[in-house]
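> sequence and predicted structure, then a few things I'm wondering about:
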Amino acid sequence: MKKKVVARILALLLLSASCIPASAFNEPGTVGKPVVLSAGAETVAYIDRHDNLWIWGRTQYGMMGVGKTSDYEDTEDTFYQKKPLKIMENVRSVSLSASWSPYAAAIKTDGSLWMWGMNDQSQLGNGGKSITYLSPYGTECTVQPTPVKIMDDVAAVSCGTGHTGAIKTDGSLWMWGNNFSGQIGNGEYRTEQKTPVKVMDDVASVSCCGNRTAAVKTNGELWMWGDASDNAFNLGLYEGNTPGESYQTVPYKIMDHVDSVYFRDTNSAYLKGNPYILKTDGTLITWPINAGMTKVDPHSVDENGNWILPEPIRPTSPMPVEIVAEDVAFVNSTSNSLVSRGIETLAIIKRDGSLWMSGGNQNGLLGSSKVFWKEYTSLNEPVKILDNVTAFSCGHTAAFAITSHETAPDNIYATLEGWGNFTSPLLYWDELIQIVGSEKKTWMDVLNQKRTDRYVVFPWSLLVDPPKLPANGKPPVPVAPAVGGFSDVKETDYFADAVLWAVEKNITSGTSKATFSPDATCSKAQILTFLWRANGSPDPMAENPFTDVKTTDYFYKAALWAAEKGLVSGSTFDANTDCTRAMTMAYMWKAAGSPTPAGTANFTDVPANADYTQAVAWAVENNITSGTGGGNFSPAATCTRGQIVTFLHRAMGK
């Protein structure tokens with residue numbers, strides 16, 4: 001009887017809070033990176049190795065997808081599916097909304113997108129078609145209790161708080177749902193978009209969360225739109241493109257060289273950043289929400305017992321970008337706004353497959369004994385939780401990871417592990433085990449060992465069918481061993497040999513002790529410095545002809561040498577100009593003595609009378625480049641550091 005009462009109280013507490021929006025990460029939908037594990041606010045879904053989709057947790061709002069709004073009568077198991085329920089076959093990727101207005105999306109192996117759950121904000125994109133029912137507490141709910149097909153040819157999807165983004169196989173981005181702050185990106189706001197609308201082309205990743213959307217294009221450009229408050233786009237007191245409102249209703253370009261974005265709500269004054277942005281070189285960055293906080297004791301309460309939060313100082317200009325971590329492959333986090341302190345956890349999977357976590361420890365989400373099992377003991381510095389992690393997702397009461405293990409070349413298996421509050425139905429704790437030596441322990445064994453806390457401190461294996469492994473049957477990280485001491489240069493990278501050669505010849509030493517930044521755009525100063533060093537670093541004889549070059553500049557001698565050799569001219573050097581493919585071939589050709597090529601290069605975008613035409617023909621003749629495909633050379637395209645050292649290696653490393 002006591003157990004039944006406790007379970008019912010917990011259910012009532014959770015349900016009574018359901019009208020308050022929760023703040024959490026929503027996994028981005030990225031082309032080529034299917035999501036096989038997703039945790040919502042009170043629901044978990046995963047895909048097993050046979051492409052079956054399983055789901056468990058809170059059954060309200062049709063989240064189980066089985067045609068019922070709640071799968072139990074008013075018993076101790078009210079509103080919860082404690083064991084994984086198979087709901088769909090032939091599924092490639094899944095996404096759950098982390099809001100308290102939950103819904104789900106699944107992409108099948110044939111590319112069709114199916115959705116179900118709450119539809120109160122048209123977040124399912126089916127034209128608002130749903131059923132309305134009264135919850136046991138008299139609340140009117142609009143739900144779609146079974147999966148409904150939305151569209152075909154879908155490559156990736158992201159479920160936000162109340163809006164959804166899907167990338168089709170042709171790279172086009174389609175949006176629908178809540179558009180109060182312009183987060184759909186169609187130029188409108190304070191509306192609902194009931195059916196999918198096309199927003200942009202050439203998209204590789206989309207992230208929907210709160211009232212904001214972020215998209216990364218195939219060329220690495222990051223675009224954002226929606227609620228522009230709280231320095232969301234790092235533009236200071238930017239008010240968006242809607243007069244008198246902080247709404248950016250159309251996509252706005254933020255930066256280049258981005259892999260993916262992990263957007264989050266910013267309800268809490270204790271959150272330190274806006275989105276987490278994963279750069280293509282594995283660097284994770286963010287920027288502050290505010291310029292600072294007024295000094296208020298974080299434990300202060302007012303006369304009514306409410307927590308007094310610091311008053312933020314709003315920034316008037318862009319804030320400095322902060323590096324959160326390096327060598328990152330994946331990020332996830334959760335922040336529970338039901339707690340006035342704004343507890344947040346941050347999880348990072350590094351490229352070597354290790355999982356690191358930091359932040360608040362509400363419900364034991366950090367999964368580490370180093371926090372002494374105390375609810376509000378936080379970790380400022382990340383602590384390693386697990387190795388060989390291929391997927392991670394965090395709900396409000398429990399966290400989950402898929403770990404890959406290889407006992408032999410042909411014996412690779414995966415384990416689903418979970419930790420957090422063991423009273424959470426997400427852990428269905430009566431099925432939770434841990435192997436200690438040769439002894440198998442259940443939670444009942446643990447409870448009998450005078451444990452007074454209520455948290456799963458270490459990850460425990462969950463007794464479910466094996467999760468899905470990556471398509472190649474191998475753990476996805478590390479992709480290949482790093483070379484040259486650089487974490488961002490792998491053996492399989494096309495520029496790996498060129499980087500080793502460039503370091504050996506003292507042409508470059510990287511951007512740090514551990515990174516080469518091969519995807520960073522190369523500047524005019526950098527390419528000419530590389531070329532000068534590759535030619536033996538000769539001392540220039542002429543006077544400095546440039547008004548913008550000082551003797552203290554690292555490229556001083558390279559700039560003067562380039563002027564002597566006729567590579568550049570004029571009174572200004574413009575060191576920070578992005579180096580294009582045409583500029584690179586012209587510099588290399590002139591440095592080689594401007595030899596006359598035997599023939600011509602037949603590129604549709606290289607005019608016969610261009611000043612770089614002979615340089616391009618020479619480069620093709622010497623196997624330095626073969627163009628960018630489709631009969632194009634792309635002379636105006638910028639060059640990365642990896643491309644530059646590759647060109648130099650092909651020309652001079654023989």
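Great, that's in hand.

> buried ones in stretch 133-153?
Residues of stretch 133-153 classed as buried by neighbour count (16 or more other Cβ atoms under 10 Å): 135, 141-145, 147-148, 150-151. Glycine gets a C-beta too; all of them are placed from N, C-alpha and C.

> all helices for the stretch 151-300 of the chain, in order.
In order along the chain, the stretch 151-300 of the chain carries no helices (DSSP state H, counting those that start in this stretch).

> pLDDT below threshold where in it?
Counting by pLDDT under 70, the ranges of the stretch 151-300 of the chain that qualify are 237-239, 264-273, 293-300.

> what are the ranges of the strands in it?
For the stretch 151-300 of the chain, the strands defined by DSSP state E, counting those that start in this stretch occupy 154-159, 163-168, 173-178, 192-200, 203-209, 212-217, 222-227, 247-255, 258-262, 276-279, 284-286, 292-293.

> need these in CSV (columns: mean neighbour count).
Conversion of the strands of the stretch 151-300 of the chain to CSV gives the following (neighbours: other Cβ atoms under 10 Å):
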stretch, mean neighbour count
strand 154-159, 27
strand 163-168, 28
strand 173-178, 26
strand 192-200, 18
strand 203-209, 28
strand 212-217, 28
strand 222-227, 27
strand 247-255, 20
strand 258-262, 24
strand 276-279, 25
strand 284-286, 21
strand 292-293, 14
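
> for residue 304, find the nearest of those strands.
With Cβ to Cβ as the measure, strand 292-293 is the member of the strands of the stretch 151-300 of the chain nearest residue 304 (22.0 Å).

> could you point out which element follows the closest one?
Counting by DSSP states H and E, the next helix or strand C-terminal to strand 292-293 is strand 312-313.

> could you pull up the mean pLDDT of that following strand?
Average pLDDT, strand 312-313: 74.

> could you look up the SS state of residue 356?
Using DSSP: H, G, I helix; E, B strand; the rest coil, the three-state assignment for residue 356 comes out as strand.

> bridging residues for it?
The residues paired with residue 356 through beta bridges, assigned by DSSP bridges, are residue 348, residue 384.

> what is the neighbour count of it?
The number of residues packed near residue 356 is 19, by other Cβ atoms under 10 Å.

> that one and residue 285: what is the separation?
Distance, residue 356 to residue 285, by Cβ to Cβ, to the nearest Å: 16 Å.

> ditto for residue 485
Separation of residue 485 from residue 285 (Cβ to Cβ) stands at 22 Å.

> on that earlier part again, among the buried residues of stretch 133-153, which are in helices?
In helices, defined here by DSSP state H, there are no members of the buried residues of stretch 133-153.

> with respect to residue 47, which of those is nearest?
residue 147 (14.3 Å).

> that closest one is in contact with residue 112, isn't it?
No - in this structure, residue 147 sits apart from residue 112 without contact. The criterion is Cβ atoms under 8 Å, and the distance is 10.0 Å.

> quick one: which helix or strand includes residue 117?
Using DSSP H and E, residue 117 sits in strand 113-118.

> with just CA atoms, put stretch 503-519 into PDB.
C-alpha atoms of stretch 503-519 as PDB (Å, rounded to 0.1, in the frame of the first residue of the first chain):
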ATOM      1  CA  VAL A 503      55.200  20.200 -39.900                       C
ATOM      2  CA  GLU A 504      58.400  18.300 -40.800                       C
ATOM      3  CA  LYS A 505      59.500  21.200 -43.100                       C
ATOM      4  CA  ASN A 506      58.600  23.800 -40.500                       C
ATOM      5  CA  ILE A 507      56.000  25.300 -42.800                       C
ATOM      6  CA  THR A 508      53.500  25.300 -40.000                       C
ATOM      7  CA  SER A 509      53.200  23.900 -36.500                       C
ATOM      8  CA  GLY A 510      49.400  24.000 -36.200                       C
ATOM      9  CA  THR A 511      47.100  26.300 -34.400                       C
ATOM     10  CA  SER A 512      47.800  24.800 -30.900                       C
ATOM     11  CA  LYS A 513      49.800  22.000 -29.500                       C
ATOM     12  CA  ALA A 514      47.000  19.600 -30.100                       C
ATOM     13  CA  THR A 515      45.100  21.100 -33.100                       C
ATOM     14  CA  PHE A 516      45.800  21.900 -36.700                       C
ATOM     15  CA  SER A 517      42.400  23.400 -37.600                       C
ATOM     16  CA  PRO A 518      42.300  21.900 -41.100                       C
ATOM     17  CA  ASP A 519      38.800  23.300 -41.800                       C
END
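
> in it, what counts as buried?
503, 505, 507-508, 510-511, 515-519.

> which ones among the residues you listed lie within helices?
When those are checked against helices using DSSP H, the ones located there are residue 503.

> quick one: which two of the buried residues of stretch 503-519 are the most distant?
Greatest spatial distance in the buried residues of stretch 503-519: 505 and 519, 21.7 Å, computed using Cβ to Cβ.
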